[in-house]
Structure formats: structure tokens, C-alpha cells
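Participant: Based on what follows, work out the 3D shape:
(2 chains)
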Amino acid sequence: MSRKKVINTILLNGTLAVLAVVWLVPIVWLFVTSLSGYDGMNTHRFFPETFTLRNYTRILFEPDTVAQFPAWFKNTFLIAIFTCLISSSFVLMVSYAMSCMRFPGRKGLMNAAVMLQLFPGFLSMIAIYFILKSVNLTNSHIGMVLVYSGGAGLGYLVAKGFFDTIPSSLREAAYIEGASEARTFMTIVLPLSRPIIVYTVISSFLAPWTDFVFAKIILNSGISTDWTVAIGLYNMLNRTLIPTYFSRFCAGGVLVGIPISILFIIMQKFYVEGITGGSVKG
Amino acid sequence: MAREKKKKENPVLGALKKIGSFFKDFGEAVAKGDIWVKASLLVAGAGYIRRKQVVKGILVTLLEVGLVLYTVLIGFPYLAKFGTLGTVRRGAPVYNPVTMKNEVPDYDNSLLILLFGVISISALVVGILLWMWNVVGSYRVQKLAESGKRLNTFRQDLHEMFNKKFYITLLFLPIAGIVIFNIMPLIVMICVAFTNYDQTHMPPTELFTWTGLANFKNLFSTGGLTSTFGYTFSKILSWTIIWAVSATVTTYFGGILLALMINSKYTKMKKMWRSLFVAAISIPQFVTLLLLRNFFSDIGILNNMLTEIGFTGFLQDVGLITTDYIPFLSDPVWAKVTIIVINIWVGVPYLMLIATGVLMNIPEDIKESARIDGANAFQIFRKITMPYMLFVTGPYLVTQFVQNINNFNVIYLLTQDIYTTMDQKLAASNGKEVDLLVTWLYRLTSEAYNYKMASVIGICVFVICAVFTLVAFNTMIKGDKEESFQ
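Facilitator: Numbering: from 1, shown residues only, chains lettered A, B, ... in the order given. Sure, this is the predicted structure:
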């Protein structure tokens, strides 16, 4: 090994190590604070003085007026399941129509979708709130599912890009065999699209876990058992609540963070597979 | 693809042409159609029933009846008041001798009038178009029958919905969702920009009404003591642009740099490094950002540590700060820098993932031949890697910029409840130095109920994003570079 090579290796790996430490500090802090024996935020030490699992047992088994973690988790989970079902099917349906079919107005619809996405989401949020209110769906989880999945069809671009890479000869062969368009979609295109289906399903499942603005607007009754995880945890960091709940916030953060990170990492893998899969197949 | 590329005509002109030919078809159908087609002007299904398409005929007639009933019973009362948005203010409860209770007499709710007015007008427009389309359809059926062709039975029509017309089945529900949850609300909020809907005009107790362009004038006029919106708008707009540019540029180049470092042949354990950075962004943003704002707070852990090692004292001596802590998130300038730095932390790993994917696709032989020609690493980066990256990720960069203009989470989670502005003029219009247009919009609605100005700002954001996107795409796609890397 030449001298230059050794220096380069040390330099690069050293820089990466420093960067990795910077990137991991908040996460390590989250984790160690969640094990802290002190309820509030310890501003003088990075690592807590005493380690305990009490924050976890308290947030899981001893809900109080502020921390209703099990209820939040259940709410968010139910909302996420239904959102995931509706949005994923909307996205896949629109993608197939836009990618594999040719019909009058197709281009026009695609341009309209681009235009619509240039409006800030919160603008329509206010009106959605009043529409839901007029049919009594505010402060209800059905309302939340509708908000998250109603406009899902707009997010079709990634899946369409994937469908575009499936050779049209496969579909044409199916038509010649007498398969209908619907059959082709279900039995030819969908089975070939595993990576992008997984990506779509996971990303729509994650939306309710990470969003807190829409949830805050729609679930505004102030009854903590109705909340989702995001608003609940946000509320724990209220100026008056921080001294008593900070370490429990961290425990809650770890508890939702772990499953979400796992799903996120799987999603990333399938996403990369999805966008690079075309070149392999072609 | 080939079919679409054949002739590139102006999309607006094309749409106008299509609308024109639709009206022509309608005129022709009314003029030349037989008595049954003319009857379907009144009873929608008549033409189809005559041609023995009974089920289809009954279905369209039912749809017609439903639309007419909706318009007459529900839509019309709202439409009648749409011009004024209501005139009867909610009064005090009055004793009702029939029910023997105190009841509030009937009153107008401007917001509901606006909401249902917009819905009714849209339903009316769609209804008229469907009615015209139906007449055209009836005439087409007549022509088919006259030329002796066999007409589809209802079963066959249904079958078509899963075959040639499968796109209608696929798109119906998603588009209905988009209309209800995106388009309708947007139209309503755009309308609000032309009313005086704010804290002093809150339904149901108060009424609001149309005010024309007054809100836009309010936003763009800088003079006056009471109106500080012009001042706030220019301040927040310039910060929004600075933020969007620096956030996009820093994360973009940071991500490419990180990807290059990880993929370098000198780097050991590439996979491990990559997963470490991905782990950092996989925790939900609201958790990490809320954590970071406490980490950087005035009495937070970082400030205490920096004081202990004497860094804060050093900054005081140099004169960079006047407080005995570093105002990471409480001083206008410091906060802006901190926010951009934190955003690098949030954004770089994403870009690293994307850049890794793109970098792997750069044909190795191009780089190899450059190396043989004597190019050094930096030249290869500047002349081959960067142009390739820019070419592939160009559209992504544009959407990223638009997303950063609308980046609500980072700003809101880092500054809400923490940052207070010292600028009276900003405070008067609910703005802060660190606000983006979207967070300002949100604060206006959630803290001041100033819906009219929020809507005006929303429209401005749209205009900015639309102009930027159009210009960017036009300049990028202008030169046909599609094949330069193939």
C-alpha cells in the first residue's frame, strides 16, 4: 500500500466518523434521556446520572391526563391502516391509468395535477376543516383518514415512473390472449411492481405518524385520548410540562421512532430498487 | 411517446379547440337529432331508451333528477345569497311560544353560504356539461343505429368499463377525492381572499362580505401606521427566498459530497456509514426537531457546555453576542443561521441516498477515458460528475426548491412558542423574522383568525412557485440534452 493511499484512507474514514458523530448526537441524546432517572431536561450533563426504565413503564402503563400514549398509539395505528389502504389503492389506480392507458384528457389531467401541487397545503386545510365540520367529521378519526387519503391520487408520479418501465410488450401479449384491461392490471402489472407497491404502502402508512399540523387542526377538541402520537408528544413539550415530562417525551419518541425507522429503512431499500429496477429489466 | 411528440402545439390553444368542437357537436346534435334526441334535452334518458339502452337511460335520468333536486332544494337558497354572503346577522335568542324555549331566529352564516355556494356553482357547471354531453351521446347513438350498427347493451357497456374505458373506473374515485379535498377547498379559500373574513367578521355571530381587491392592496401598500402587512410581507418574502435557495443548495452539495465520500474507493465499510446517516433521518421529524430546539435553547444543554468550556465568553469578548448565552434560536440572525444548519442535518442524508443512486449510474468508461487523458479527480468531478448529476437531478432540484418555499415543519417546529419578535411592526401583523410565507400564513389563521390575509398570502405563494417552476423547466428543457449522456 502506498503512503498516499494510507493517508487518504485515514482522512476519509476519519471525516466520515466525525460527521457520523454529529449526525447521531441528537439520536443518542434522545435514547439516553429516555433512560434518565430525572423527569425534566438535564441541561448540564449529556448522559444522565441514573439509568432507569421507569419512563417507559410510566408512559406505557400509567397514562395520566397529559400522557395517553397507548390511546395515541392505537388512534394513530387505526388511522394509518385505513389511510394506507385507501391512499395506496388510489395511487396505484391513478398511476396505472396515467402510465399504461391512452385516453383523451390524459395530458390535461397530468398538467392540472402539477398545478394543484403548487398551492400550499394549509390553504385548503382551513376550508377542509369547515367542510368536515358541516358534516360533523371534525374531531373524528374518520375525518382524519379522509384528510390524509382524499387527495392521495395526486402523488402518483413515482409509481407511474415505475409502471413506465414495465415493457408494454407484456401487456400487449395479455391483450392478445384476451385479457381485459382490468385483468392485465391485476395479474400482469401489479405482480411485477412489488418494490413500488411496498414503497407506496409504507409511505402512506407513515404519513399519519409523522404529520402533526393537519392533526392539530382537525383534532382540536383538547381531549387528549382523541389525539394522535404526534400531537400528544408535541403537547408534552409545552413550556409548563417540560420539567415533568421531558424524559417521558424521549421514551415516547423512542417507542414510535423504532418501528417507524424500521419501516423507513425498508421503504428506502424498495424505493431505490423501484427507481433503478427499470434499467435492469430493460 | 412517438404519437405525443408528433406535433407540439400550445396546450392552451389545444384545450380551447377541444372546447370549441364540443360546443359544435352539441349544436349539431340539437339541430340534426331526431325527436328523441331533442326529448333528451328535457328527459336525459329519452334518446337512450328509444334505442333500447333502457338501463343507461334510466340511470342518466335519475342522475339528472338528483342534480335538479339538489340545485332547487339545497343549492338555490345558498346561491341566492352568494352575491352578498348573507345579510341577516345572528340575533339574541327569542322566546318561541310553540316549542316553549328560547331560540335563535334564522340567521345567515357567511362561511356556509360561501362554501355551499361554491359547491353549488361547481355542481351546476358540471351538471350543464353532463347534460350537453348526454345530448351529444344520444345523437351519436342515433347515428350509429341509423347506419345499422349494433348498439352496445348495458352489459357490454359495463364490460367496457373494465376494458377500453377502464381508466374511467380507475380514475373516478381518486379524482372525486381530489375534487372534494383539494380543488373545492382551494376555490373556497381563493374566494376568501376577496372578502373581509377576519377576527371581527367571524361566522356564525358576524357576517363577512365581498371586498374586491382590498386585501391585495393592503398587502402591497407599505405606507400607513395601522397597516404593516406590506412591511412584513417584504421582510418575510426575502427571508423565504434566501432560505429556499440556501436550504436547497447546501443540502444538494452536502449530499453529493457525502455520497462521493462514502462511495470513494478508500472508504471502508460503505454500508455501515450509509446506514448510520439514514438512521439519523429515519426518526420522525417532529421528534428530532423538537429535541434539537431544546438542545439549542438559551438555557439548553449546548449553551451550558459552551459556557463551561469558555466559548461563550470568547464570543462575548469578540463582541459577537451581548447576552451571557448564545441566542441560537432567539436572535433573528443567529436563528436564521441555526435553522439553515439544522436543515443541513435533516436534508443531507436524503440527498446522499439519491446522489448515491445517480452516481452509480455514471458510465465508468467516461471517467476512465478522462483519467487516461490526464484529468485529475477535481476535474473529473467538475466536468463529468457534476454535469451528469445536474442533468439527472435537475427536475428534482426544482421540486426541492418549491418544497423548501413550503417547508413548514422545520421552521414551525424549531421556532413555535420559542421565538418572539422584537419588531413591533412585524408583531402587529403576526409575523416573525424567521417565518416563511407558509408559517406566517398558518400563524395568521391559528393565532389571529385573519383568514382573508392568509388566503392572499397563499395565492402569492402559489404565484411564486408557479412562475419559478415554469421558468426553471423552460430553461432546463430548452436545449435538447436528452441524449448527451446515453
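
Participant: Tell me if I'm right that B:V461 and B:T439 touch.
Facilitator: No: using CB atoms under 8 Å, B:V461 is not in contact with B:T439, being 11.1 Å away. Yep, even glycine has a C-beta here, placed from its N, CA and C like the rest.

Participant: hmm, the lengthiest helix in chain A in reach of chain B?
Facilitator: As assigned by DSSP state H, the longest helix anywhere in chain A is helix A:242-281. Yes: interface with chain B: helix A:242-281 contributes A:242, A:246, A:249-250, A:253, A:256-257, A:260-261, A:264-265, A:268, A:272, A:275-276, A:279 (CB under 8 Å from any CB of the partner chain).

Participant: could you flag which of these are buried?
Facilitator: Buried by 16 or more other CB atoms under 10 Å in any protein chain shown: A:242, A:246, A:249-250, A:253, A:256-257, A:260-261, A:264, A:268, A:272, A:275, out of the residues of helix A:242-281 next to chain B.

Participant: Report all helices and strands that the longest helix along chain B contacts.
Facilitator: For chain B, the helix that runs over the most residues, judged by DSSP H, is helix B:110-146. Judged by 3 or more CB pairs under 8 Å, 6 or more residues apart in numbering or on different chains; DSSP states H and E, helix B:110-146 is in contact with helix A:121-134, helix B:11-32, helix B:35-39, helix B:46-50, helix B:54-70, helix B:76-81, helix B:184-192.

Participant: Average pLDDT for it, rounded please.
Facilitator: Per-region confidence: helix B:110-146 scores 88 on mean pLDDT.

Participant: what sits against the closest residue to B:N96 other than its chain neighbours?
Facilitator: Nearest in space to B:N96, with sequence neighbours left out and distances taken as CB to CB, 6 or more residues apart in numbering or on different chains, is B:E103 at 4.6 Å. By CB atoms under 8 Å, 6 or more residues apart in numbering or on different chains, B:E103 lies in contact with B:93-96.

Participant: So which of the residues you listed are in strands?
Facilitator: B:94-96 (DSSP state E).

Participant: Save these as JSON lines, and put in pLDDT too.
Facilitator: Conversion of those to JSON lines gives the following (pLDDT from 0 to 100):
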{"residue": "B:V94", "pLDDT": "79"}
{"residue": "B:Y95", "pLDDT": "80"}
{"residue": "B:N96", "pLDDT": "79"}
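
Participant: got a winner among those for most neighbours?
Facilitator: B:N96 (12 neighbours; other CB atoms under 10 Å in any protein chain shown).

Participant: coming back round to it: and the next helix or strand after the longest helix of chain B, average pLDDT?
Facilitator: For helix B:110-146, the succeeding helix or strand toward the C-terminus, using DSSP states H and E, is helix B:154-160. Averaging pLDDT along helix B:154-160 yields 83.

Participant: Following the chain onward from helix B:154-160, which element is next?
Facilitator: helix B:166-178.

Participant: Quick one: the helices in the stretch 1-150 of chain A, in order.
Facilitator: Using DSSP state H, counting those that start in this stretch, the helices of the stretch 1-150 of chain A run over residues A:3-34, A:54-61, A:69-100, A:106-116, A:121-134, A:141-150.

Participant: Just give me the residue right at the centre of chain A.
Facilitator: Centroid check for chain A by CA atoms, centre = their mean gives A:L206 as the closest residue, at 2.6 Å.

Participant: Surely it is in contact with A:I260?
Facilitator: Yes: when contacts are counted by CB under 8 Å, A:L206 is listed as touching A:I260 (6.4 Å).

Participant: okay, and the common contacts of the two?
Facilitator: Here A:L206 and A:I260 share no contacting residue, scored by CB under 8 Å, 6+ apart.

Participant: Backbone dihedrals for B:E103, both of them.
Facilitator: Per-residue torsions, B:E103: phi -130, psi 150 (degrees, to the nearest 10).

Participant: what residue ranges in the stretch 1-150 of chain A are flagged as low confidence?
Facilitator: A:1 (pLDDT under 70).

Participant: If we use 90, what do you get?
Facilitator: Applying pLDDT under 90 to the stretch 1-150 of chain A flags the ranges A:1-9, A:11-12, A:36-52, A:62-67, A:100-139, A:150.

Participant: just the stretch 251-400 of chain B next, same as before
Facilitator: Looking at the stretch 251-400 of chain B by pLDDT under 90, you get B:260, B:262-286, B:293-294, B:297-301, B:303-332, B:350-400.

Participant: 70 - rerun?
Facilitator: If you take pLDDT under 70 as the line, the stretch 251-400 of chain B has no such spans.

Participant: For it, which segments count as helices?
Facilitator: Going by DSSP H, counting those that start in this stretch, the stretch 251-400 of chain B shows helices at B:270-282, B:285-295, B:301-308, B:311-318, B:332-360, B:364-372, B:377-380, B:386-405.

Participant: Just the buried residues of the longest helix of chain B, please?
Facilitator: Buried-residue list, helix B:110-146, by 16+ other CB under 10 Å: B:110-120, B:123-124, B:127, B:130-132, B:134-139, B:141-142.

Participant: could you check the angle helix B:184-192 makes with that helix?
Facilitator: 130 degrees (axes from the mean of the first three to the mean of the last three CA atoms, to 10 degrees).

Participant: Give me the angle between helix B:110-146 and helix B:54-70.
Facilitator: Going by the same axes, to 10 degrees, helix B:110-146 makes 160 degrees with helix B:54-70.

Participant: now the angle between helix B:11-32 and helix B:110-146, please.
Facilitator: 60 degrees.

Participant: Helix B:110-146 vs helix A:121-134, what angle?
Facilitator: Using the same axes, to 10 degrees: helix B:110-146 against helix A:121-134 is 90 degrees.

Participant: Can I take it that A:R239 is in a strand?
Facilitator: No: A:R239 is assigned coil when assessed by DSSP: H, G, I helix; E, B strand; the rest coil, not a strand.
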